[in-house]
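Enquirer: below: sequence and its predicted model.
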Amino acid sequence: RHPRRMSGGQQQRVALARALVIRPSVLLLDEPLSNLDARLREDMQIELRQIQRNLGTTTILVTHDQIEAMSLSDRIVVMSKGKIEQIGTPQQVYEQPASAFVAQFLGKTNEFAAEVERTAGLARLVAGSWSAPAPAGATGTVTISVRPERISFGSSGLAGRITSRIFQGNHWLFQCDTECGPAIVIRQNDGQPQPDQGETVHLLWHASDMSLRASVAA
């Protein structure tokens, strides 16, 4: 068949085959999956990753799709306005963002202002009714960044109220108003009862699940 008579996914496979048949030392991909529907895009990500690993071809992929970048890459370069914000493995860049831009660009994140308070020689991070031991070197006002999927509901923690509860199949997405501003919480659909819209809750997270940076004065 002529390529124009093929489906979008088949055309992408043909284009990839044409690029690989000459055995290039470097494969350049510019938004290769942008025109595919969500299901086909996922299938192509898996196939492209397998081809990449089987052939061992160095690949430079340019994409605005954060999930695609993390799925296909061994190393990610996050850029903003022509400048490099961070370089690292997908897990490093996602779990330990070097800047507010990286934290907000790669997936959803929550940011809370916190104060480092010292009592009897002990330093604690305090954000509303939530607190935890402060890491070494932390002083003054800082910004806490924590991913929505790392937050759970408990009997104590950052107090808030659920303003929206959305079922998304494999997980629930909650929007909350808290003492420290709006927050998003993602909980897996594991069959356990979940709080209702309008319910008062407390948000909890482990200190190891957050990143910290000094707040910048306006």
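Expert: Nice, I can see it. Numbering: from 1, shown residues only.

Enquirer: tell me where the model's unsure across this protein.
Expert: Scanning the chain for pLDDT under 70 picks out 215-218.

Enquirer: need phi/psi at the most centrally placed residue in it.
Expert: In the chain, the residue lying closest to the centroid (Cα atoms, centre = their mean) is Gly107, at 3.1 Å. When read as degrees, to the nearest 10, the backbone of Gly107 gives phi 80, psi -180.

Enquirer: distance of the residue nearest to it when sequence neighbours are not counted relative to Asp196?
Expert: Counting by Cβ to Cβ, 6 or more residues apart in numbering, the nearest residue to Gly107 once its immediate chain neighbours are dropped is Gln66, at 6.1 Å. From N, CA and C alone the C-beta is placed, and that goes for glycine too. From Gln66 across to Asp196, the span is 31 Å (Cβ to Cβ, to the nearest Å).

Enquirer: then Leu20?
Expert: Distance, Leu20 to Asp196, by Cβ to Cβ: 52 Å.

Enquirer: ok, now Leu173?
Expert: Separation of Leu173 from Asp196 (Cβ to Cβ): 14 Å.

Enquirer: between Gln66 and Asp196, which is the more surrounded one?
Expert: Shown here are Gln66 and Asp196; by other Cβ atoms under 10 Å, Gln66 has more neighbours (16 against 9).

Enquirer: okay, now His206: neighbour count?
Expert: Neighbours around His206, by other Cβ under 10 Å: 11.

Enquirer: now do the phi/psi pair for it.
Expert: According to degrees, to the nearest 10, His206 has phi -80, psi 150.

Enquirer: so it makes contact with Arg150?
Expert: Yes: counting by Cβ atoms under 8 Å, His206 touches Arg150, with 7.3 Å between them.

Enquirer: Ile51: which element?
Expert: According to DSSP states H and E, Ile51 maps onto helix 38-55.

Enquirer: can you list the domains in the chain?
Expert: Here the domain assignment for the chain is 3-74, 110-214, based on automatic domain parsing.

Enquirer: and Ser80, which of the ones you listed is closest to it?
Expert: domain 3-74 (12.1 Å; Cβ to Cβ).
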